[in-house]
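Colleague: Provide a 3D model corresponding to the input given below.
(2 chains)
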Amino acid sequence: MWCLVKSEYEYNLKRIPILLILFPVIYYLKLAELEIFFYNLGIFYIIFLTMMFLVSFKNKELRERTFNTLPVKRIDIAISRLITVLLPLIYYTIIMVLFEVSISKFDPDLNFVVISFSLSVISFALYLIMRDTSLRLVREKGITKNNMKTTLVFAILILNILAVILVFLTKEGLEIPLNEISDFLKMINPFKGEYTELRLIITAIILSLVSLTTYTKGKFHME
Amino acid sequence: MDYAFKIERLEKKYSDFKLGPLDLDLEPGMVMGYIGPNGSGKTTTLLCMMQLIKANSGSIKIFGTENAPNNTSWKFDIGYVSDSPVFYENWNGEKNLKFLSQFYPNWSDDYAMALAKRFNIDLTKKAKDLSRGNRVKLSLISALSHKPKLLLLDEPTSGLDPVVRAEVLDTLFEVVETGERSIFYSTHILSDISRLADDLAFLKDGKLLFKTAKDDLIEKWRKISFKYNGELRVKNLVSKKNEGNDYQIITSDFSDTIEKLTELEVENLNEHRMSIDEIAVEVLKG
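Modeller: Sure thing, here's the model as predicted:
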C-alpha cells in the first residue's frame, strides 16, 4: 500500500513542490483580503483547491488498471488513493493553522480551517465514490489533459445555471444578489447550526470510509 | 494435482453478450492457445481470471487457490500481459520496472535486464514515447521478471509488425522450453500459437466449442477428395462439396472417415493435412 502512495508522489514530484510552496502564498492572499479590480484575491484559494483536485486525478484512472493486476488487496488500493489526497490536505491544514495562530493571535479562525479541510475531504471522497459507482467508460476516461477544457466548461456552465436559478429564487432584478445568494445558501445548508464543524468532520470521515467500501465492494476496475 | 488454472461454470453477462457457462483447465507446464474471433469472449475470460471484472457465477482457481480479490497470494504466480499495456507514462522503462519489482519477492533485476537486452528495448525512454511493439515488450518483461508459474497473454502480438512479433514469439518459446511455466495465450492469429501451443481451445460467441491437443487436431482433420457415384453418408464431416461425382470433404476424424470411404470403394482418393489456420477457420465458421 505505501509503495503505491510513494509511487504516486514520486510520479508527481515536479508538481508537488510548486503546490507546497504556492499554498502558503495563496492562503496569505486570502487572509489579507487584498483586492485587485474589485475582486478579492482570496478567490485564488478556491481556484488553487480546484486545480489540486484536477491534478490529483489526472490520468490516474488508467494506472489503476495496473494496480489491480498487482498482488495488492483492493482495500489497500482504496486506502492508498485516500492517503494520496489526505497527505497534502493535512499539510495545508497545518499551514493554515500556523497562519491563523501567528497572524490572528487572539482570535484565530480555526473554524474556517476545519471547514476547509472537511469540505476538501468531502469533495475528494464524493469524487471517488462517484467514480466507483459510475460506468467504466466514465471511470476510465476520468480527467485527462484532453478533456480538462471540456470538464471546466461543463463545470462553469453548471455553476452559471445554478447561479441563474438562485437569482430567480431570491430576487426579481437583474443585479447579481450575492448577499441574498449567500443567505439562501446558508438557509439550505445542511451543516448550519451550532456544531457545523463537527458535522462536517463526521461527514468527511463517513464519506472517506464509504469510498473504501465502494471501491472494494463495488464494480471492478474494468466493469 | 493443482491445475495451473481451473475454470468451472464461469459466466459473465453483458446486455448484448454472454460468456459461458465455461469449463476450462490447464495442466502445469503446458501451453494453451485460446482461439476465437473478435468479440468471442477471450478478453472477458482473461479479465475474469485477473479479477479485473467480476464474474456473475462460477469459480476460477489458480494453482488450487481461488482468485479472490482480497486474497492476493495467487497473483504472485501470474504474469499478465493485456492487449493495451498501461504504465506510468512519464517514467522510463527502467523506472516502471523498478516500481513493479517492489511487489514481487521473486523479482529478478538481472533477468529483467537480460530480457530488455534480448528485446533490444531502450529502457531509458519514457513509456509514452515507446512504440506499440516496445510497449508490448516492456509489458512482457514486466510479466516475466518475477518468474511467474502462469502467463496470461491477451493478444500480445496484435498490431505488431512481423519482426517484432517474431521476437516476442521466440522469447516465449524459450520460456516454454524450460517446461516450468504454463501459458494461456488468447489470440485470433493462429500462426502465433501454432508453434507454441500444446492444447487449443476454440471459443465462439461466448461458448467453448471444444478443447483438444494440437497434435490430435492436426492428426484428425483432413481434406479428402475422391470420386463417388451415389449419395454420400459419412459421419464427422465438417464440410462437403461436390460437382457431380467429384467430392471434396473436410473431416474431423480422419481414421473413421477413411475406413468408411474404403467400405464405399470410392475412387481417386487423395487426402491432405490441414494447417491449424485452415482447421480454425472451419471450426469457427461452423
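
Colleague: for the residue in chain A positioned nearest to chain B, give me its contacts.
Modeller: Using CB to the nearest CB, residue A:71 is the residue of chain A that sits closest to chain B, at 3.7 Å. C-beta: built from backbone N, CA, C; applies to glycine. By CB atoms under 8 Å, 6 or more residues apart in numbering or on different chains, the residues touching residue A:71 are B:72-73, B:75-76, B:103-104.

Colleague: out of those residues, which is most surrounded?
Modeller: residue B:75 (24 neighbours; other CB atoms under 10 Å in any protein chain shown).

Colleague: nearest spatial neighbour of that residue, chain-adjacent residues omitted?
Modeller: The spatially closest residue to residue B:75, leaving aside those adjacent along the chain, is residue A:71, at 3.7 Å (CB to CB, 6 or more residues apart in numbering or on different chains).

Colleague: can you pull out the strands in chain B?
Modeller: With strands called from DSSP state E, chain B shows them at B:5-13, B:18-26, B:31-35, B:57-62, B:65-66, B:78-81, B:150-154, B:182-187, B:199-204, B:207-213, B:222-227, B:237-243, B:246-251, B:267-273.

Colleague: what mean pLDDT does the helix or strand residue A:119 falls within have?
Modeller: According to DSSP states H and E, residue A:119 maps onto helix A:110-133. Mean per-residue pLDDT for helix A:110-133: 83.

Colleague: ok, stretch B:215-224 next?
Modeller: Stretch B:215-224 comes out at a mean pLDDT of 91.

Colleague: tell me where chain B has helices.
Modeller: B:42-49, B:93-101, B:109-119, B:132-144, B:162-177, B:190-194, B:214-220, B:254-264, B:276-285 (DSSP state H).

Colleague: and what of chain A?
Modeller: Under DSSP H, chain A gives helices at A:2-11, A:15-32, A:43-56, A:60-69, A:74-103, A:110-133, A:136-141, A:145-170, A:178-188, A:196-217.

Colleague: dump the ones you listed into TSV; add distance to chain B and mean neighbour count as well.
Modeller: Supplementary listing: the helices of chain A in TSV, determined by distance: least, CB to the nearest CB, whole Å; neighbours: other CB atoms under 10 Å in any protein chain shown:
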stretch	distance to chain B	mean neighbour count
helix A:2-11	5	17
helix A:15-32	11	15
helix A:43-56	13	15
helix A:60-69	5	19
helix A:74-103	5	18
helix A:110-133	13	18
helix A:136-141	9	13
helix A:145-170	11	12
helix A:178-188	39	11
helix A:196-217	7	17
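
Colleague: least reliable of these going by mean pLDDT?
Modeller: helix A:136-141 - the lowest mean pLDDT of those, at a mean of 55.

Colleague: next, format the helices of chain B as CSV and append distance to chain A and mean neighbour count.
Modeller: Converted to CSV, those look like this (distance: least, CB to the nearest CB, whole Å; neighbours: other CB under 10 Å):
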stretch, distance to chain A, mean neighbour count
helix B:42-49, 5, 24
helix B:93-101, 5, 20
helix B:109-119, 16, 16
helix B:132-144, 9, 23
helix B:162-177, 19, 16
helix B:190-194, 22, 20
helix B:214-220, 28, 16
helix B:254-264, 42, 15
helix B:276-285, 25, 17
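
Colleague: residue B:233: which of those helices is closest?
Modeller: helix B:254-264 (8.7 Å; CB to CB).
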